[in-house]
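Chemist: model the following, please.
(4 chains)
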Protein chains: 2
Amino acid sequence: MNHTLAVTQLSSIANEARLAIFRLLVQAGVNGLAAGSISEKLSIPNSTLSFHLKELSHAGLINAQQQSRYIYYSANYETMNSLLAYLTENCCAGEQDCCTTTICNTQNEE
Amino acid sequence: MNHTLAVTQLSSIANEARLAIFRLLVQAGVNGLAAGSISEKLSIPNSTLSFHLKELSHAGLINAQQQSRYIYYSANYETMNSLLAYLTENCCAGEQDCCTTTICNTQNEE
DNA sequence: GACACATTTCTATATTTATGGAAATATAGA
DNA sequence: TCTATATTTCCATAAATATAGAAATGTGTC
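Modeler: Here you go, the predicted model:
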C-alpha cells in the first residue's frame, strides 16, 4: 500500500453516495450488482451513479464486469483489506491492550 | 455507527496530510504526540496543522489533551474500529471464503 | 436496420476544501 | 509584568469535487 493510493481510495468512499454504493457492494458479495440495480436501490440518477462508479473503480475498490447489456459492479475485497491494514499498521506503539478489537490487534502481529 | 458520521470520518482521513497525521498517531499509542512534535515530524506549518487537527478532532478520530503549554493529540482507537467495522459490516453476502483476511471474516460473525 | 434498453459522456453550475502568513490567544517561568 | 514558547484563529485565494439533464454510445432482439 502506498500513501497516495490510500488517499485516493479513502476519498472515493468519503462521500455519502459512494459510501452507500460501496457498502451495498461489499454486502452483495462476489457477483455484485448491475448498475441499474444499484441506481434503483439507492435512488441515484444514472449519470450521477456512473460518475461515482467511475471514481470507485478508478480507486480500485470495485470491479466492473460486462455481461450482456448489463455491467456488474462488485467490491474488490483485496483492495479493501489492504486499505484497512494500512490504516491500522503498527498500531498502538506495540501495546497489546491499548485497543481491544480483533481488527486492531491482528494488525499488531504483522 | 451512522452513515453521515462515517462519511465525515472518512473525509477527515481522505487527505494526504491528515492521513499521515492519523497514522502517526495510531502508531504513537495512547499517549499521543504534542502538536509541535507532529508539525516537526511531518513538516507541516503550524496553521495548516492546526486546521487538519481540528478536522480529525471534529470527526472524533483523535483526542486532544492539554498538558501544560502542550496539547497532546492521540488516536481514538474506538472510533477507528467502529469505522472499520461499518465498512466491512455483513460483508460477502455470507460467503465465508470470499475474502480471506482476518479483518473481513471477523466482521461476518457479528 | 429498427427499436428498446443499459450505461456513459458531456456540460454548466454550485459547493466544498486546502493553503499558509500574520495576528491573536494561552501557558509558564524569571 | 515581561518574555519565550505553543497553538489557534483569521483571511484571501486557489483548487478540487458533486450534481443531474440531455445527448451519445454500446448491446441485444425482432
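Chemist: nearest residue to the residue lying farthest from the centre of chain A in space, please, no chain neighbours.
Modeler: Using CA atoms, centre = their mean, the residue of chain A lying farthest from its centre is A:Glu95. It sits 28.8 Å away. Leaving aside its chain neighbours, A:Glu95 sits nearest to B:Gly29 (5.6 Å; criterion: CB to CB, 6 or more residues apart in numbering or on different chains). Every C-beta, even on glycine, is put in place using the N, C-alpha and C of the backbone.
Chemist: and the nearest residue to A:Asn90 once chain neighbours are set aside, what does it touch?
Modeler: Closest residue to A:Asn90 apart from its sequence neighbours, by CB to CB, 6+ apart: B:Gln27 at 4.9 Å. B:Gln27 makes contact with A:Glu89, A:Asn90, A:Cys91, A:Cys92, A:Ala93, according to CB atoms under 8 Å, 6 or more residues apart in numbering or on different chains.
Chemist: turn these into JSON lines, including pLDDT, distance to DNA strand C and neighbour count.
Modeler: Formatted as JSON lines, the contacts of B:Gln27 follow (pLDDT from 0 to 100; distance: CB to the nearest atom of the strand, whole Å; neighbours: other CB atoms under 10 Å in any protein chain shown):
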{"residue": "A:Glu89", "pLDDT": "91", "distance to DNA strand C": "22", "neighbour count": "14"}
{"residue": "A:Asn90", "pLDDT": "89", "distance to DNA strand C": "24", "neighbour count": "14"}
{"residue": "A:Cys91", "pLDDT": "89", "distance to DNA strand C": "23", "neighbour count": "25"}
{"residue": "A:Cys92", "pLDDT": "87", "distance to DNA strand C": "26", "neighbour count": "21"}
{"residue": "A:Ala93", "pLDDT": "80", "distance to DNA strand C": "25", "neighbour count": "14"}
